[in-house]
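Q: With the input below, show me the fold.
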Amino acid sequence: MQYWLVKSEPFKYSWDQFVKDGQTFWDGVRNYAARNNLKAMKKGDLVFWYHSNEGLEIVGIAKVVKEHYQDPTTPDPAWVAVDLKPFKKLKKTVTLAQMKAEKSLAGMDLIRLGRLSVGAVKEAEYEKIMEMAGM
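A: Below is the predicted model:
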């Protein structure tokens, strides 16, 4: 199993709306590194849901339920989407400030590549964030 992080602006699509919907497709990615991360996602992988712009915090965990396929928002075959389903809400959110203060997370894509909308998360990073979230 691998771990990932996706960023969503809560005023556009929040964790609460995701939970209400029960499932969503992750589309609209137009960055090659983020696209490559979508392509690497496998069914069953866990994905941190990060609220960007407002909140700046990880709020929950999604699960990949369908691997990459043609992004339905464009005919360009270069772009893909994946399907995600809510898995768990974190007991405590983990803020960007908390993650930046944690030395063991300094190499995390979210910290190093702040503009990347879909990032990889190493197993040790996942475990540390889960610990910080009280889980």
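
Q: Where do the strands of this structure begin and end?
A: 3-8, 24-26, 46-51, 57-70, 80-95, 118-121 (DSSP state E).

Q: And the helix or strand of the chain with the lowest mean pLDDT, what's buried?
A: Lowest on mean pLDDT, DSSP states H and E among the helices and strands of the chain sits helix 109-112, with a mean of 93. The neighbour-count check on helix 109-112 (16 or more other CB atoms under 10 Å) flags 109-110 as buried. For glycine as for every other residue, the C-beta is placed from the backbone atoms N, C-alpha and C.

Q: cool, stretch 85-98 as well?
A: 85-86, 90, 93-94, 96, 98.

Q: what helices or strands is the least confident helix or strand of the chain leaning on?
A: helix 96-101, strand 118-121 (3 or more CB pairs under 8 Å, 6 or more residues apart in numbering; DSSP states H and E).

Q: Please produce a markdown table containing these, extended by mean pLDDT.
A: Below are these laid out as a markdown table (pLDDT from 0 to 100):
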| stretch | mean pLDDT |
| --- | --- |
| helix 96-101 | 97 |
| strand 118-121 | 96 |
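
Q: any chance of these in CSV, plus distance to Leu110?
A: Formatted as CSV, these follow (distance: least, CB to CB, whole Å):
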stretch, distance to Leu110
helix 96-101, 7
strand 118-121, 6
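
Q: Which of these sits closest to Gln23?
A: Of all these, strand 118-121 sits nearest to Gln23, with 17.4 Å by CB to CB.

Q: Can you list the strands that the closest one pairs with?
A: Take DSSP bridges as the rule and strand 118-121 pairs in its sheet with strand 3-8 (antiparallel).

Q: Specify the angle between the partner strand and strand 80-95 in degrees.
A: Counting by axes from the mean of the first three to the mean of the last three CA atoms, to 10 degrees, strand 3-8 lies at 90 degrees to strand 80-95.

Q: okay, now Trp79: neighbour count?
A: 20 (other CB atoms under 10 Å).

Q: quick one: contacts for it?
A: The contact partners of Trp79, taken as CB atoms under 8 Å, 6 or more residues apart in numbering, are 27, 29-30, 35, 70-71, 73.
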